[in-house]
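Undergrad: sequence first, then the predicted structure, then my questions.
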Amino acid sequence: MKYRAQVVPGQGRGKSLGFPTFNLEIPPHFSPRPGIYACRVWLGEKAYGGALHFGPVPVFNEPQPTLEIFVLDYSLNSGVKRLTFQLLKYLRPIKNFSSPESLKRQIAQDIARVSQLLHPKSS
């Protein structure tokens, strides 16, 4: 199922961690289990791979669910107001991290896994 979502202002944490994200308004009827997903993202007519976070952000003491997507091979552009996305594969549940630095390491691993899933190397 594809979802269309409004881009909303975020806290800038993804950018400060080196992984800028699109922060999104949670669409109606969007209720997957909280966690990290590989996803497909459409910005205009072009499709990209993405790593999607849905749920609380315990490392920053945020219990309310948030929805954000890091788009692979894309430089964020503040002109994007809406985007379309589709969940492809559940990767892992939400975890708490001891520090933003440990979260940053996990995000890098998640993005590498998404990239491998979407662009497997032929042997």
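TA: Structure received.
Undergrad: C-alpha only now, for contacts and for neighbours.
TA: Fine.
Undergrad: quick one, longest helix in the protein?
TA: For the chain, the longest helix by residue count, based on DSSP state H, is helix 100-118.
Undergrad: and that helix, what does it pack onto?
TA: helix 13-17, strand 35-43, strand 46-57 (3 or more Cα pairs under 8 Å, 6 or more residues apart in numbering; DSSP states H and E).
Undergrad: 6 Å instead, please
TA: Helix 100-118 sits against no helix or strand, with contacts defined as 3 or more Cα pairs under 6 Å, 6 or more residues apart in numbering; DSSP states H and E.
Undergrad: what's around Thr75, how many residues?
TA: One thing to correct before we go on: residue 75 is Ser, not Thr. Using other Cα atoms under 10 Å, Ser75 has 10 other residues around it.
Undergrad: what's near enough to touch it?
TA: Neighbouring residues of Ser75 by Cα atoms under 6 Å, 6 or more residues apart in numbering: there are none.
Undergrad: could you rerun that using 10 Å?
TA: Ser75 is in contact with 20-21, counting by Cα atoms under 10 Å, 6 or more residues apart in numbering.
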